[in-house]
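Peer 1: All I have is the shape, not the residue letters:
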């Protein structure tokens, strides 16, 4: 394979230019010297020099390197050469921490800004950037909601703006995040001339989206070879009866080695890990529902053990840099080929052979599809959201959590709609704030009041009286206190902060609300609702198509390595000779298994509607209950605890909707 590929085309690796651009004039040593001095390496890895050379020529670039392909060096090394600050946008707090620790071990100062920092840590990070002590600033994408933070960015010199997981910017990518849509307008507003977008998984269409967003020339999109010959791709189509025993047999009979088993549901992770332990295997579950201490302990155990098996949802793996993972099994189908490529890409980074196998049951397709359908809000829900925004004043604050419940739209989808409204020019985000404070007194209130006289003492006394006693903490609702005290929010917050700074009380903030400013009115709510509903169903169709692509790959009707590489815009010169097709095991029958619905579907739907008439107002919402798919309104109504919740999991979501509509339950 070639040393680098530009949009799938073979090129030779260009040498670093000797022409002194403005960036290079600041270099007192060469990039190779920086590589050796700070990172201890003699040579660049494939594609790294291509990217760095473009940045040093004051050009923006896109880096599409496989998982573990050395993307981070492409911004870390230039950050040492450029005079100003390098901003790195990443959605992964754990990855930020890990990279900052690694840089610190090399004597390179970097800081991060994310939701886990205390106020003092936040101030220290800002001071380090403003003083030039830290050359790199890692930022979570949601930070750009904050108007005050954006003003801080305007006050510093930004030499490079790096965007990790850049595929998240594409609405047609596999992991779209609405916060990423704001990055391109921000770059233009701040007049940042160098942008580096990085991803491990991007199709040609997604690469075009990234390039167009940041004005990157086609020849500056560098894609290194996707194919790794040491990853042996296999698939098997199984029955529900043989599914688990096949996995256990594989784990017991193959040579021991670090193993990842990916599943769709948290309860599946727990159950499979338990079965592995019962079979005498060293296994643990990992999913987002476990507390952070357990997750951290499991991750440390996996990193240090040579035969550990982790049964995990997709919550596990991002930022994991373990070179000797020997096996990756997909017990349930991945959501997309992009997810699949990212997950198998964690195996065999040491160059030794690794076994990557999908163990699929045809009925699993329906379950995965149903979760896609379940994420799609109804047109009525979208209309309620448009009405809510249309009726807000010119300056307003809203709780995404409360709005999600009120409109019955899942949080990520809600944020997508709010981002659409921003990009379409209806609203603009301002600084968020916290409307609820909690405090625990360290001294009696009489001792606090003894520090004040006159009006200030009266104000402090009345402020403390606004607090509501709980067990050991007091709650303070800021909007209510403003009304009772007839004063500004600023005065209340300043007083409480002053009490905390003096050590008189311990303070917590809750009740995050996001600020917005109206730019233009929504004149036609119905038309805007129809537009956003259309976008939503287009997105749904795209996600369903991704699942079809996964099953097409699993069918092994041709070389699976060739198919996967082709999906990412690269063609292999010859079959891999190691996948299921190449060794003569395929093709497999992956035909859709869609059995007839039970006779009691309509009866169950009717009983639900009679019991919860104010919540279950249309066929799609009822189908969510029957298929075991939650939503904000169903959670509030505690419908997930109803015996019928999930009764028809694995049955077709679309056919259940048709049955309910045919029965005319809603007239």
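Peer 2: In hand now; what should we look at? Predicted model, so just to flag it, every value in this text is computed and none were measured.
Peer 1: would you list every one of the helices in the stretch 51-200 of the chain?
Peer 2: Taking DSSP state H, counting those that start in this stretch to define them, one finds helices in the stretch 51-200 of the chain at 73-81, 93-105, 119-131, 147-154, 183-190.
Peer 1: Figure out which of those is closest to residue 455.
Peer 2: Distance to residue 455, taken as C-beta to C-beta, is lowest for helix 119-131 among those, at 27.6 Å. C-betas here are computed from N, CA, C, even on glycine.
Peer 1: related to what we said a few turns ago, out of the helices of the stretch 51-200 of the chain, which comes closest to residue 438?
Peer 2: helix 119-131 (15.1 Å).
Peer 1: In the stretch 351-500 of the chain, where is pLDDT below threshold?
Peer 2: By pLDDT under 70, the stretch 351-500 of the chain has no low-scoring segment.
Peer 1: Helices of that one, start to end?
Peer 2: Using DSSP H, counting those that start in this stretch, helices in the stretch 351-500 of the chain cover 363-375, 379-390, 400-407, 411-423, 445-449, 454-465, 478-485, 489-501.
Peer 1: and those as TSV, adding mean neighbour count and distance to residue 561?
Peer 2: As requested, these are exported to TSV (neighbours: other C-beta atoms under 10 Å; distance: least, C-beta to C-beta, whole Å):
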stretch	mean neighbour count	distance to residue 561
helix 363-375	20	23
helix 379-390	20	42
helix 400-407	18	42
helix 411-423	19	33
helix 445-449	14	69
helix 454-465	14	67
helix 478-485	15	58
helix 489-501	15	58
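Peer 1: if we compare the ones you listed, which one ends up closest to residue 115?
Peer 2: helix 400-407 (13.6 Å).
Peer 1: Which other helices and strands does that closest one contact?
Peer 2: helix 379-390, helix 411-423, helix 632-636 (3 or more C-beta pairs under 8 Å, 6 or more residues apart in numbering; DSSP states H and E).
Peer 1: same thing but 10 Å
Peer 2: Judged by 3 or more C-beta pairs under 10 Å, 6 or more residues apart in numbering; DSSP states H and E, the packing partners of helix 400-407 are helix 379-390, helix 411-423, strand 505-518, helix 632-636.
Peer 1: after the last one, next one along is what?
Peer 2: Following the chain from helix 632-636 toward its C-terminal end, the next helix or strand by DSSP states H and E is helix 653-662.
Peer 1: quick one: buried residues of that following helix?
Peer 2: 653-657, 659-660 (16 or more other C-beta atoms under 10 Å).
Peer 1: just stretch 436-452 next, same as before
Peer 2: Neighbour count says stretch 436-452 has 436-439, 441, 445, 448 buried, by 16+ other C-beta under 10 Å.
Peer 1: Could you pull up the contacting residues of the closest residue to residue 414 other than its chain neighbours?
Peer 2: Excluding the flanking residues, the one nearest residue 414 by C-beta to C-beta, 6 or more residues apart in numbering is residue 404, at 5.0 Å. For residue 404, the contact set (C-beta atoms under 10 Å, 6 or more residues apart in numbering) comprises 381, 385, 410-415, 631-633, 635.
Peer 1: swap in residue 255?
Peer 2: 307, 326-327, 355.
Peer 1: Among those residues, the buried ones, what's the PyMOL command?
Peer 2: Those of the contacts of residue 255 that count as buried under 16+ other C-beta under 10 Å are selected in PyMOL with:
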select buried, resi 326+327+355
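Peer 1: Relative to residue 248, which of the helices of the stretch 51-200 of the chain is closest?
Peer 2: Of those, nearest to residue 248 by C-beta to C-beta is helix 93-105, at 30.3 Å.
Peer 1: of all the helices of the stretch 51-200 of the chain, which lies closest to residue 322?
Peer 2: Using C-beta to C-beta, the nearest of the helices of the stretch 51-200 of the chain to residue 322 is helix 93-105, at 12.2 Å.
Peer 1: Point out the other helices and strands that the closest one packs with.
Peer 2: With contacts taken as 3+ C-beta pairs under 10 Å, 6+ apart, helix 93-105 sits against helix 73-81, strand 85-89, strand 110-113, strand 136-139, helix 292-304.
Peer 1: What are the contacting residues of it?
Peer 2: 38-39, 72, 76, 79, 88, 90, 92, 108-117, 134-136, 138-140, 164-165, 295-296, 299, 318-321.
Peer 1: And these, which of them are buried?
Peer 2: Buried among those (16+ other C-beta under 10 Å): 38-39, 72, 76, 79, 88, 90, 92, 108, 110-114, 134-136, 138-140, 164-165, 295, 299, 318, 320.
Peer 1: coming back round to it: which one of the contacts of residue 404 is nearest to residue 270?
Peer 2: Using C-beta to C-beta, the contacts of residue 404 come closest to residue 270 at residue 635, 20.7 Å.
Peer 1: Can you give me the distance of residue 467 to residue 102?
Peer 2: Plainly put, residue 467 is 44 Å away from residue 102 if you go by C-beta to C-beta, to the nearest Å.
Peer 1: If you count surrounding residues, which of these two has more?
Peer 2: residue 467 (20 against 15; other C-beta atoms under 10 Å).
Peer 1: burial count for residue 98?
Peer 2: Neighbours of residue 98 using other C-beta under 10 Å come to 15.
Peer 1: do you know how far it is from residue 238?
Peer 2: 36 Å.
Peer 1: Also residue 366?
Peer 2: Counting by C-beta to C-beta - residue 366 and residue 238 are separated by 15 Å.
Peer 1: which residues touch residue 554?
Peer 2: 233-237, 330, 333-334, 340, 357-360, 362, 365, 560, 580, 586-588, 590.
Peer 1: element containing the nearest residue to it once chain neighbours are set aside?
Peer 2: Excluding its sequence neighbours, the residue lying closest to residue 554 (C-beta to C-beta, 6+ apart) is residue 235, at 4.1 Å. Counting by DSSP H and E, the element that carries residue 235 is strand 231-237.
Peer 1: Give me the angle between whichever helix or strand comes after that strand and helix 363-375.
Peer 2: The helix or strand immediately downstream of strand 231-237 is helix 240-253, counting by DSSP H and E. Angle between the axes of helix 240-253 and helix 363-375 is 110 degrees (criterion: axes from the mean of the first three to the mean of the last three C-alpha atoms, to 10 degrees).
Peer 1: which of the residues in helix 240-253 are buried?
Peer 2: 243-244, 246-248, 250-251.
Peer 1: mean confidence score for stretch 280-297?
Peer 2: Stretch 280-297 shows a mean pLDDT of 92.
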